[in-house]
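Undergrad: Sequence and predicted structure are below.
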Amino acid sequence: MQVSKDSVVSLNFELSDSTGKLLEKSVEPITYLHGGYDGIFPLVEEALEGIASGDSVAVTLDPDNAFGEYDEDLVRVEPRSAFPADEMEVGMQFQAGTEGSEDDFVFTVTDITEEHVVIDGNHPLAGQTLLFKCTVEGVRPATEEELAHGHVHGAGGHHH
């Protein structure tokens, strides 16, 4: 079966930065619902269209097609008193909204002083050009339930 709209695709991938440094690699295949369900980068989905199990693709993703440009407005210095007394450490993450936006962002604590905490709402790979290489491990038709929910169920997918 070829990758097409409303198919479930399993793939192994490697994600590298523009210098070729490996950033992430799948240990087990990831699985997504193909055909505009936002389960994978749109440019990768486009490159996978029509290929079969065992085929590979490599796609260069500029920031606009990956994790976006780095946004300085998503870096904030907040008073230390706004956070729990003893539980803060660099690298911690939490979800919060931003003024004037209905979207929630994942903020990462990047610095802590006695007076302030610096938090960053940018994705760690924001502003970077990335190389996404993948090999299709399997393709199958999506079930009616998966199509109705807009995501994969079962092994490698979403569980309710």
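TA: It's in. It should be emphasised that the depicted structure is a prediction, and the values quoted were computed from it without experimental measurement.

Undergrad: Considering helices and strands only, name the one in the chain with the lowest mean pLDDT.
TA: For the chain, counting by mean pLDDT, DSSP states H and E, strand 93-97 ranks last in confidence among helices and strands (a mean of 80).

Undergrad: Sheet partners, orientation included, of the helix or strand following that one?
TA: Of the helices and strands lying after strand 93-97 in sequence (DSSP states H and E), the nearest is strand 104-112. Within its sheet, and counting by DSSP bridges, strand 104-112 is paired with strand 93-97 (antiparallel), strand 116-120 (antiparallel).

Undergrad: Just the residues contacting stretch 31-51, thanks.
TA: When contacts are taken as CB atoms under 8 Å, 6 or more residues apart in numbering, the neighbours of stretch 31-51 outside the stretch itself are 2-11, 57, 59, 61, 65-66, 132, 134, 136, 142, 146-147, 150-152, 155-157. Bear in mind the C-beta positions are built from the backbone N, C-alpha and C, glycine included.

Undergrad: Sort out which of those residues are in strands and list them.
TA: By the criterion of DSSP state E, membership of the contacts of stretch 31-51 in strands covers Ser7, Val8, Val9, Ser10, Leu11, Val57, Val59, Leu61, Phe132, Cys134, Val136.
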